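Engineer: 3D, please:
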Amino acid sequence: MAQYKCFKCGKAISSKSLEKRFICPNCGSRIFYKPRNKITKLKAV
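Structural biologist: So this is what the prediction gives:
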């Protein structure tokens with residue numbers, strides 16, 4: 001299940017709650033994004 005964040009209020013929203021209408025249940029915004037994981041870089045020694 002994908003996790004989205006509202007661009008306006010910043011609350012996390014699951015894709016399950018966005019099945020019928022693609023609007024934020026908290027603020028009514030229609031702009032979402034998928035947060036990405038941070039990449040950890042290691043230095044070779």
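Engineer: where does Ser29 fall, phi/psi-wise?
Structural biologist: phi -70, psi 160 (degrees, to the nearest 10).
Engineer: Count the residues that sit near it.
Structural biologist: 13 (other Cβ atoms under 10 Å). C-betas here are computed from N, CA, C, even on glycine.
Engineer: Ok, the one 3 residues further on next?
Structural biologist: Residue neighbour count, defined by other Cβ under 10 Å, stands at 16 for Phe32.
Engineer: shouldn't it be in contact with Phe7?
Structural biologist: Yes: between Phe32 and Phe7 there is a contact at 6.4 Å, judged by Cβ atoms under 8 Å.
Engineer: Output the lowest mean pLDDT helix or strand found in this protein.
Structural biologist: strand 12-14 (a mean of 84; mean pLDDT, DSSP states H and E).
Engineer: Any chance you could list what contacts the next helix or strand after it?
Structural biologist: Using DSSP states H and E, the helix or strand that follows strand 12-14 in sequence is strand 32-33. For strand 32-33, contacts defined as Cβ atoms under 8 Å, 6 or more residues apart in numbering pick out 4-7, 13, 18, 22, 24.
Engineer: quick one: which of the residues you listed is nearest Lys43?
Structural biologist: Nearest to Lys43 among the contacts of strand 32-33: Lys5, at 31.2 Å, using Cβ to Cβ.
Engineer: Identify each buried residue in the helix or strand that closest one falls within, please.
Structural biologist: According to DSSP H and E, Lys5 maps onto strand 3-6. Within strand 3-6, the residues scored as buried using 16 or more other Cβ atoms under 10 Å are 4, 6.
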